[in-house]
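Colleague: Kindly return the folded structure for what I paste below:
(chains A, B and C)
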Amino acid sequence: MSGTSNLLNWILWMPILGVLGILVIPKAKAGVVRLWSLANTFITLGLTVKLWMGFDNALSGMQDAFTIKMPWIKQFHINYHLAVDGISMPMIILTSLLFFLCVLCSWKISKQVRGYYALLLFLQSAVYGVFLSMDFFLFYVYWEVMLIPMFFLIGIWGGENREYAAVKFFLYTFFGSILMLVGMIALYHATGGEADSFSLLALREHADKFIGMNVSLFGFDVPFDKLFFVFMFIGFAIKVPVFPFHTWLPHAHVQAPTAISVILAGVLLKMGTYGFLRIAFPIFPGATVYFSECIAVLGLINIIYGAFCAMAQTDVKKLIAYSSVSHMGFVMLGMAAMTSQGLNGAVLQMFNHGTSTAMMFLLIGILYERSHHRWIVRPDGSKGFGGLYTQLPVYSIVFIIAMFASMGLPGLSGFISEALIFLGIYSKYTTMTVIALLGLLIGAAYLLWMFKRMFFGEVVEECKSYEDMNAREIFYMTPLCVAVIVFGIWPSPILNIMKGSVNSLVVLLAKYQ
Amino acid sequence: MVSLPSFLFVSFILFLAGIVVMIARKNVIAILLGIELILNAAALNFVAYTRFINNNLEGHIIALFIIVIAAAEAAVGLAIVIRFYQIRESIHIDDATQLQS
Amino acid sequence: MDYTISTIAWIVLFPFFAFVINAFLARKATKIAVIISCGAIALSSVWALRIFKDFIFGNYASDFYIRKVFTWFDLNGAGLSFNVNMGIYIDNMTAIMLLMVTVVATLIHIFSTYYMKDDMNYGRDGRFFVYMSLFTSAMLGLVLSDNLLSVFIFWELMGFCSYSLIGHYYEKDGAGNANIKAFMTTRVGDVFFLLGILAIWTNIGSVGFVEMYAAIADGVFTDPANNVFGISLAAFAGMSIFMGTIGKSAQFPLQVWLPDAMYGPTPCSALIHAATMVAAGVYLSLRIFPLLDVAGLTPLVAWIGGITAFGAATIALVQTDFKAVLAYSTISQLGYMVLGVGVGSYNAAFMHLITHAIFKACLFLSAGSVIHSLHDHHTHEHVQEMPRMGGLRHKMKFTWFAMWCCTLAIAGIPFFSGFVSKDRILGDALIQALHNKVYIVPAILGFAGALLTAFYMCRMMFLTFHGEPRDKELYEHIPEEKFSWNRNLPLLILAVFTLGVWFSGSLTGQKLVKVASPEGKLEWFSTLVVKPDVNKFKTYTSEKWGNTDTRVKGIEKSHYDPKHGMTNEEEIHHVHQVHVIGAIASIFIAFAGVFIAYMMYIRKSWNPGWWVSTFSGWYRALQNKYYMDDLYIKGVIQKGLLPLNRFLAWIDMGLYDRYIVDGWAGVSKVFYTFSKWFDDLWVDTVMVDGTGASVRLFNVVLRTLQSGKIQFYFIMIIVVLAGYILAL
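Modeller: Numbers count the residues shown, from 1 in each chain, chains lettered A, B, ... in the order given. The predicted structure follows:
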């Protein structure tokens, strides 16, 4: 069933080519390394655009033209199976775009430039692997591989407390991965270890079989699908992160360098929700429906709790980290709705949150390069920033766009996805909708309050030396600004990609309700 | 007629001279020369035995091999000596005790 | 005429494109940006005039409307379908609104070129005009919207613009406080608005006004099967959406933001308070009037309107800030409009919206004209405090004249526009009060508010323009006002339209502007603006963009029904009588207010200080705005929200993360301490190190042998070889 195009292979391995290239560039030539990485990510971006051009919106399943399938470990029926559909396509676009911008935004990194860019490109390849793999084993391999560059990127290039954050991130995610591994092996045995036992597409066909099965756990008979749904759920929930597995996120964000924060919030968090949509939901539809209320409640807690916590933060990066928790709650809520509007809204929110939160983190990174601190209010109670509006006019405008996109102002991208999610969830859980709307309110409150404290008023003495955004910074903020505005006014380009695949998932889930 | 024992005797003398040079001299190049002597003693033995006992060409061939190996060994040895000299500014054998734990 | 995208959408698109272009131009080419901004809105008003002409003077029936839709985006696929439609909806009300918004906005733009000139010259860029363009464009979009979702979108955009405009003087901390307050308070209403939209969308599958009216006619909203939380869908959705109005139109209890919105430059206050933002709320409540009606929410609406109208008027009594008086008068007048909606006085409420927009825009621009001239040379700030004014009429005649026209209009003096509209609202309130006890309090509050309005507006005028200048030094520095096109012309044009004749049809309310109608002698406003009759919307089929309208254009104009649906001759007579009584009462009240102000501030026969000292508790309460700001900010936010946030954040990081998550480190520490002990002592020391110790023995021996001296090794080799040979 291999398709005619090798494009996915190119996209997946192009960053690895970049890594190999970096290895032969001499250490002293940091500039060449940067340019090489930039060129590499740009080519990948170009390939992604080509993929987008060739993408057939009418198909609701996998894009056969791009599918690549060949045996990898024949004894265990593990295949090297790459494919793309409407759910992964927006994520691929997001990944390509953000990595390109991240190469630009880490231009000023001077500590071990070669290692940094090599790890960054390596990470990119691993992320593509997660989004493109249609074989569970391959997926798992990439899921784990991705941790390694992340660990080093946070642990070497991070802030003062970087080792703690890196270890915490690694252990947390690894704990989830192990549960997922158990689930994967259980699925392999449950299907009899035959051909395609690891294929995510073939496993869907067995969904009905899993519902009736029982599995013995510590002497108790437990329904197979519910148990392993919970396992998978925890594995993915840690990545999202869903309350109560969210505490690694603020640490990791605060310690990580700018580009890594961008990737973490923009792409890696979406891998969790992507995992739900690709693995947990279609393979265990019965359990999904059974637990949908729990998912909705967890999403709701994320929204409200994340927003409340964000409001209390005095570190601006931590504030945005908690806002990510809150916004990913909307995605969870939309997925729990299991209606066309809710799920489409959730996937769109994944994309939109990727762009808007990336903007926020990039902007904070730009500010951090000038100030070397991130306190809105310092621990001693003095103002960390003040009067930035006067000092940095262009920066402020871009910040306003990012901020309002993040809080879901109509006309910017966040609104459409949030409105769709609310519309999806309203018909099922009216009370939750009312409470979730409170999240919108708090969401606006903490962002505006932060903005007020940092940007309004007289210019604080130490802020007077800050320079406005330079050409490079404006250049890498522009694509995101355009994306946020254009997809806010005209969301169809993204929605058209996803709606077929997402709706077919909705139809699948509807059978079990 | 020169007989086998006389060849062996010469070879023995050469061998002993080589051993003595290797043990007694502290100059690395001298030690290399000592090794050459030992190799040549061995080569002489091969030629002598093959001439007086088998009367074929096997010993001669091996002697040729020994010469080649000796040349290669001298090249490698001298290269090591030069590097050693560059690092330590000495070719005194007792300076090369790094491998001692 | 052929209404297509080119004829309608351009109204919105002109200012919108001006916004887009100016977003890039404003920093460098400020002058060009200003010209583009003003030109765009002027073009819009030409377009609006065209639509106005077609609708008001054309041969359309009064309930005629045009609606065109297009699909914004859809979620069709895999057998599921869901479309999100956007579109335009134009009826007479829209046409009138469009003209009002564009004309008022144009005049405000022109005035801004005067007012903001210094601001732009002092190094600040032209971003003010950028936001103004977006603001007007959003308002026009809202007016043209055919559905609640697009109303919401433009509604929020206006919220964003008001946020930016109020925060225009961003170097001041107060601007940051004011705009965050404005945005968040309206956002409280908006969130409920969104909830209402969701409720309607989910239940009738569309958010179009037309579909909504049809569903009301079909009884979907009152069907008990659709109840939400035990109340009917109509009440739930209606109340939620009306919360949006409460937020946006600054009704009780969310009125707190509007006075603070004065922090922005005065022309933007004019725009927010007159033509756009606050008007949008009332406009929305008029659009959902059938819903409020069917839900039985009108008494609640009337109460809120009455409380707001009266409460804000009382606060306005004690304000000393020039603009604050106007701000509270805005809240109060909005209260009248909402009261009008509540008592079912549909077209009077709408008329008051229009008349208020005009005279309030004029008042604010006049205030801007005054404030701009009053430049304090010590602090380099504009003076807004009335105690430092007085006697200004000698220095600025045009402003004085324009402002008096507006004051008379807002006070409800006959022959001025405010009288025409407010009187009708009060008359209807009186009728409702006589029939239904629920309405008695709102009606009384309405009349009492009218007295206060006349009083505080005249007080403001007397304190500002009349009497002796109280701050002589300031007075000396005021330049003599000379007529200039961008300062005075907008004021005078607006002042002309404060005359009642434009709205009522004649001085007595009849016959001046003839509209095509069978009788040919009715007031055009009452004739053309009618309550939507939901039953007529049942047979509607939607039209796509670009289609030419093929419907038969009826010419029948219905008219304002002074009988309020009553057929009994006696009752009609009764209604008429009540109206007359109401009119006389409000005339009397208006003059009474003016008279009291005159006695207090011109004749100084009555001492306002007596009132202050007698009712000192009330005075303090009024000065503190009934402590509502304190309640929200100090109570709800500082005592409730922020401690809650800190508590949750502490739970999250201080408790949950530190003990429960990182606590696993403790658990594993116990394990590893034990296993370390076991490992160290038994496995490592005894078993592993035991082996090691024995090895170490040999090690000592062998170490000495391994000297590193190669010649020693040779000797060893020879010795061993020799020994071996010997052993053989």
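Colleague: Mind pulling the model confidence for B:H92?
Modeller: On the pLDDT scale, B:H92 is placed at 85.
Colleague: So A:S197 sits against A:L187, correct?
Modeller: Yes: at 7.3 Å, A:S197 and A:L187 qualify as touching, with contact defined as Cβ atoms under 8 Å. No exception for glycine: its C-beta is placed from N, CA and C like everyone else's.
Colleague: Can you pull up the most central residue in chain C?
Modeller: Taking Cα atoms, centre = their mean, the centroid of chain C lies closest to C:K248, which sits 3.6 Å from it.
Colleague: Identify the spatial nearest neighbour of that one, chain neighbours not counted.
Modeller: Once flanking residues are discounted, C:K248 sits nearest to C:G281: 3.6 Å by Cβ to Cβ, 6 or more residues apart in numbering or on different chains.
Colleague: related to what we said a few turns ago, what touches both of A:S197 and A:L187?
Modeller: Listed as contacting both A:S197 and A:L187 by Cβ atoms under 8 Å, 6 or more residues apart in numbering or on different chains are A:L203.
Colleague: Could I get the full set of helices for chain B?
Modeller: Assigned by DSSP state H, chain B shows helices spanning B:4-24, B:28-49, B:58-88.
Colleague: The stretch 351-500 of chain C too?
Modeller: C:397-411, C:417-435, C:440-465, C:472-477, C:489-496 (DSSP state H, counting those that start in this stretch).
Colleague: what's the last one in contact with?
Modeller: Applying Cβ under 8 Å, 6+ apart, the external contacts of helix C:489-496 come out as C:104, C:107-108, C:110-111, C:358-359, C:361-362, C:365-366, C:369, C:398-399, C:401-403, C:405-406.
Colleague: Ok, the shortest one next?
Modeller: The contact list for helix C:472-477, computed with Cβ under 8 Å, 6+ apart, reads C:L374, C:H375, C:D376, C:H377, C:V383, C:R388, C:G390, C:G391, C:L392, C:K395, C:P469.
Colleague: can you rerun that using 6 Å?
Modeller: C:R388, C:P469 (Cβ atoms under 6 Å, 6 or more residues apart in numbering or on different chains).
Colleague: try the second one
Modeller: Helix C:417-435 has contacts (Cβ under 6 Å, 6+ apart) with C:336, C:340, C:343, C:345, C:348, C:351-352, C:355, C:409-410, C:412, C:439-440, C:443, C:446, C:498, C:500, C:503-504, C:575, C:578-579, C:582-583, C:586.
Colleague: What is the neighbour count of C:V636?
Modeller: For C:V636, the count of nearby residues is 11 (other Cβ atoms under 10 Å in any protein chain shown).
Colleague: Helix or strand for the residue nearest to C:K248, just tell me which one.
Modeller: In the assignment (DSSP states H and E), C:G281 maps to helix C:277-287.
Colleague: Give me the distance from that helix to the chain's centre.
Modeller: For helix C:277-287, the distance from its own C-alpha centre to the chain's C-alpha centre is 9 Å (Cα atoms, centre = their mean, to the nearest Å).
Colleague: Buried deepest among the helices of the stretch 351-500 of chain C, which one?
Modeller: Neighbour counts (mean count of other Cβ atoms under 10 Å in any protein chain shown) averaged over each of those peak at helix C:417-435, with a mean of 26.
Colleague: For that one, give the mean pLDDT please.
Modeller: According to the model, helix C:417-435 has a mean pLDDT of 84.
Colleague: What would that helix look like as CSV? C-alpha coordinates only.
Modeller: The C-alpha trace of helix C:417-435 is given here as CSV (Å, rounded to 0.1, in the frame of the first residue of the first chain):
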residue,chain,number,x,y,z
SER,C,417,-34.5,65.8,20.2
GLY,C,418,-34.1,64.4,23.7
PHE,C,419,-37.6,65.5,24.5
VAL,C,420,-39.1,63.7,21.6
SER,C,421,-37.6,60.4,22.4
LYS,C,422,-37.4,60.5,26.2
ASP,C,423,-40.9,61.7,26.6
ARG,C,424,-42.2,58.8,24.6
ILE,C,425,-40.2,56.3,26.7
LEU,C,426,-41.5,57.9,29.9
GLY,C,427,-45.1,57.9,28.6
ASP,C,428,-44.9,54.3,27.7
ALA,C,429,-43.4,53.5,31.1
LEU,C,430,-46.3,55.3,32.7
ILE,C,431,-48.8,53.3,30.7
GLN,C,432,-47.1,50.1,31.7
ALA,C,433,-47.0,51.1,35.3
LEU,C,434,-50.7,51.8,35.3
HIS,C,435,-51.4,48.3,34.0
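Colleague: Hmm, C:G208 is touching C:N147, no?
Modeller: Yes: with contact defined as Cβ atoms under 6 Å, C:G208 and C:N147 form a contacting pair (4.3 Å).
Colleague: Angles on the backbone of C:G77, please.
Modeller: Phi and psi for C:G77, reported as degrees, to the nearest 10, are phi 160, psi 150.
Colleague: element containing the residue nearest to C:L286 when sequence neighbours are not counted?
Modeller: Once flanking residues are discounted, C:L286 sits nearest to C:F350: 5.7 Å by Cβ to Cβ, 6+ apart. Taking DSSP H and E as the definition, one finds C:F350 inside helix C:346-373.
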